[in-house]
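# quick one: sequence plus predicted model below, questions after.
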Amino acid sequence: MKFLAVGSTLLTAVAAFSPQSTPAKTTVALGAIEKSKSLPFMIRPPLLDGSMAGDVGFDPLGLSNIDDVGIDLYWLREAELKHCRVAMLAVLGIVQVEIFGPAPGCEMATAKCQMDSFWQLWGAHPQYIAFGLIFIGIIEMISGIAITSGRESGDREPGDYMLDPLGFMKGPSADRLKAQEVANGRLAMWAAAGLLMQGCTTHEGGIENLVSTFTS
């Protein structure tokens with residue numbers, strides 16, 4: 001019994017001074033976590049590293065991390081650029097028609113509100129609208145092939161359709177122009193949404209509505 005007691009005491013003493021195998025703890029310094037430029041109180045999404053024009057890490061819903069339903073960052077970037085360009089053309093078209101009047105062949109669309117003039121045109125020449133939808137469908141088919149092939153090969157930048165007749169993208173200001181396109185496009189999407197909303201609710205043109213706001 002004495003030998004057992006002495007032996008257990010020695011084992012306890014040895015165990016007390018032997019290294020313990022505890023799980024390693026990983027500590028991350030607060031400074032190592034990069035914050036979003038647009039939302040400083042949130043962590044920057046891992047894929048939004050600033051390499052794309054206009055990327056300021058704004059993704060509060062985490063959409064850039066989606067990659068399992070046929071949608072990835074490439075597809076989302078392509079969609080954003082396409083909507084930016086369409087919105088800029090839409091805002092320009094809405095304001096231009098309100099100031100200078102309808103285009104030749106569309107004289108029946110006399111309403112200042114372009115939402116109302118659309119229905120005037122639909123009532124007089126529905127084939128114009130049908131042709132426009134067919135034309136849009138053809139463009140979407142062609143762009144869909146470019147998007148799919150570029151997505152698979154990785155040789156095509158999102159939104160690049162090789163349309164640069166003035167050679168802006170070959171000069172030293174290419175990066176600045178890309179960032180300006182995205183910034184103006186995002187602003188145009190808000191402007192187009194506002195014009196559509198105010199047109200459907202007030203039935204006034206955008207400029208007409210703006211003037212009446214300050215004069216009434």
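On my side now, so go ahead. Because the structure is predicted, anything quoted here is derived from the model rather than measured. Numbering: from 1, shown residues only.
# lowest mean pLDDT among the helices and strands of the protein, which one is it?
helix 2-17 (a mean of 41; mean pLDDT, DSSP states H and E).
# which SS class is the residue nearest the centre of the chain?
In the chain, the centroid-proximal residue (Cα atoms, centre = their mean) is residue 80; its distance is 3.9 Å. Following DSSP: H, G, I helix; E, B strand; the rest coil, the label given to residue 80 is helix.
# any idea how far residue 117 is from it?
29 Å (Cβ to Cβ, to the nearest Å). C-beta coordinates here come from the backbone N, C-alpha and C atoms, glycine included.
# just residue 172 next, same as before
To residue 117, residue 172 is 43 Å away according to Cβ to Cβ.
# over to residue 170?
40 Å.
# what does residue 141 give?
Counting by Cβ to Cβ, the separation of residue 141 from residue 117 is 29 Å.
# higher neighbour count, the two?
Regarding residue 141 and residue 117, a neighbour count based on other Cβ atoms under 10 Å identifies residue 117 as having more, with 21 against 9.
# just for the protein, where's the confidence low?
1-32 (pLDDT under 70).
# now with 80, please.
1-33, 67-70, 216 (pLDDT under 80).
# and residue 155, helix, strand or coil?
Secondary structure, three-state DSSP: residue 155 is coil.
# can you list the residue ranges for helices in the chain?
Along the chain, counting by DSSP state H, helices occupy 2-17, 73-100, 114-124, 126-153, 174-202, 206-215.
# I'd like those laid out as a markdown table, including distance to residue 42.
A markdown table is the format used below for the helices of the chain (distance: least, Cβ to Cβ, whole Å):
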| stretch | distance to residue 42 |
| --- | --- |
| helix 2-17 | 47 |
| helix 73-100 | 18 |
| helix 114-124 | 37 |
| helix 126-153 | 28 |
| helix 174-202 | 19 |
| helix 206-215 | 34 |
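# residue 52 touches residue 77, doesn't it?
Yes. At 6.4 Å, residue 52 and residue 77 qualify as touching, with contact defined as Cβ atoms under 8 Å.
# if I look at residue 187, how far off is residue 81?
Distance, residue 187 to residue 81, by Cβ to Cβ: 14 Å.
# looking at the two, which has the bigger crowd around it?
Higher neighbour count among residue 187 and residue 81: residue 81, with 22 against 14, using other Cβ under 10 Å.
# name the nearest residue to the more buried one, ignoring sequence neighbours.
Among residues not flanking residue 81 along the chain, residue 159 sits closest, at 3.5 Å (Cβ to Cβ, 6 or more residues apart in numbering).
# the one you found: what's it in contact with?
The contact partners of residue 159, taken as Cβ atoms under 8 Å, 6 or more residues apart in numbering, are 77, 78, 81, 82.
# and for residue 129?
When contacts are counted by Cβ under 8 Å, 6+ apart, residue 129 touches 121, 122.
# perfect, I'm done here.
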